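[1] Dropping the sequence and predicted coords here.
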Amino acid sequence: MSEGPWLTIIGLGEDGPEGLSDASRTALAAAKVVMGPPRHLSLLPEIVAQRVEWPVPFADGIAQLLEFRGQATVVLASGDPFWFGAGSVLARHLEPGEWVAHPGRATFSLAAAAMAWPLEKTTCMGLHAAPLSRLRPVLAEGQRAILLLRDGDAAAQLAEYLSNEGFGASQMHVLEALGGPRERQRQTTASTFAFDDISHPVCVALECAGGLALPTVPGRSTVWFDHDGQISKPPMRAMTLAALAPSAGAHLWDIGGGSGAVAIEWLLSHPTTTATSFEADPTRAARIEGNAVRLGVDRLRVLTGRAPAVLQDETPPDAVFIGGGLSEVLLDHLWQMLPAGTRVVANAVTLESEALLATWQARNGGDLLRVELSRAQPLGSRRGWSAANPIVQWSVQR
């Protein structure tokens, strides 16, 4: 345990030291070393402390910072360091008691005040170091979002992304250097975006218009997924997700990922869920990754290999879905290594797989369902039911 805080993390706004608290001013005055990006350092008056520019990429500065351990050191960050900022990253490398933080005015709060938007009803996202596709689940008519962006080029890329997704009519309020003397606010639509002189730091207050919204419940249409036919029907997928019962922070193993639809819908259920998809076919594995990125859940981890071998050394999950590769060997392996309480859901379409699930259900309990889906299709001059192959689903808690 550290004897006391040697590091102070200060959230610095565009108004420089004038907006700092007394505690932040005291820490700056006592500092031997001040680290931060060049823009932040330029906002400071003359100080006695050694100025150290934080390198790019950000991770390269961690080791450099730790070399100052024991000296009074200040790290400058933007606004609130613990809201899409550097604070949590720095804290992971320090012991409790080694650091203290003085957050400043967050860009989200400044932007909401500028727009007169209720912050609790506005999506806030940090996209300065993340793919723009993370925005996809948010895009729906009338929705508002405040987005932190890397620079002016990223704002142009955002406009292009919105237009490509059918949301070119969305209003983009480009907000630069909020809270400081360089503050500027301009408005455009995504389809007419033409600004080429945007100053950093920049955020965009977005009002979505047009386009097709991604549904918020599982069982989404297959049109949302790139696939080769290896994808569950939406009603069956909805039943599968209901049986898997995703909850905040839960982790899923999706064995035999196919298109990745089950794992992706698991991740779309809550922003803190995680998932690993195991797929033996490299082409399908790449397709799963593409689907995940496009639908805003690039946090899906995809491993190429055949179960159960590919499962070795993996952290046990909270739930397992077996969509492909069902076998006695796989079930035996899972029952030996999964902790008690793990939910297991398996779908079968062949007689052999059905028999296997019936045997395991008789031995281990759980629910066994047989689902038959039929769709109305033309039948001569009239219509009739066209039946898909029946599916047997076993769901059980280990």
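    On my side now, so go ahead.

[2] Could you check how many residues crowd around residue 156?
    Neighbourhood size, residue 156 [other CB atoms under 10 Å]: 16. From N, CA and C alone the C-beta is placed, and that goes for glycine too.

[3] Then the one 5 residues further on?
    With neighbours defined by other CB under 10 Å, the count for residue 161 comes to 18.

[4] Tell me which residues of stretch 228-240 come out buried.
    Using 16 or more other CB atoms under 10 Å as the burial criterion, the residues of stretch 228-240 that qualify are 230, 231, 232, 233, 234, 236, 237, 238, 239, 240.

[5] whoops, stretch 391-398 was the one
    391, 392, 393, 394, 395, 396, 398.

[6] what sits up against that stretch?
    For stretch 391-398, the external contacting residues (CB atoms under 8 Å, 6 or more residues apart in numbering) are 236, 239-240, 243, 334-335, 338-349, 353-354, 357-358, 360-361, 364-373.

[7] what pLDDT, on average, does it get?
    Averaged across stretch 391-398, pLDDT comes to 95.

[8] This protein - how does it break down into domains?
    Domains of the chain are assigned by the TED database as 7-105, 108-208, 222-397.

[9] re earlier: which among the contacts of stretch 391-398 end up buried?
    236, 239-240, 243, 334, 338, 342-348, 353-354, 357, 360-361, 366, 368.

[10] any idea which of the buried residues of stretch 228-240 is least confident?
    residue 230 (83).

[11] Let's see which of the contacts of stretch 391-398 end up in strands.
    Among the contacts of stretch 391-398, the residues falling in strands (DSSP state E) are 343, 344, 345, 346, 347, 348, 367, 368, 369, 370, 371.

[12] In the chain, which residue sits furthest out from the middle?
    residue 381 (49.2 Å; CA atoms, centre = their mean).

[13] which residues sit in contact with it?
    Residue 381 makes no contacts at all, as judged by CB under 8 Å, 6+ apart.

[14] Can you report phi and psi for it?
    Torsion angles at residue 381 (phi, psi; degrees, to the nearest 10) stand at phi -90, psi 0.

[15] Show the model's pLDDT score for it.
    On pLDDT, residue 381 comes in at 93.

[16] Next: residue 19.
    We have a pLDDT of 82 for residue 19.

[17] Excluding sequence neighbours, find me the nearest residue to it.
    Among residues not flanking residue 19 along the chain, residue 13 sits closest, at 4.6 Å (CB to CB, 6 or more residues apart in numbering).

[18] what's the answer for residue 41, then?
    In space, and not counting its chain neighbours, residue 41 is closest to residue 51: 5.3 Å by CB to CB, 6+ apart.

[19] Residue 247 is in contact with residue 270, isn't it?
    Yes: taking CB atoms under 8 Å as the definition, residue 247 is a contact partner of residue 270 at 7.3 Å.

[20] can you put the domains of the chain in JSON lines and add distance to residue 216?
    Below are the domains of the chain laid out as JSON lines (distance: least, CB to CB, whole Å):
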{"stretch": "domain 7-105", "distance to residue 216": "23"}
{"stretch": "domain 108-208", "distance to residue 216": "8"}
{"stretch": "domain 222-397", "distance to residue 216": "8"}
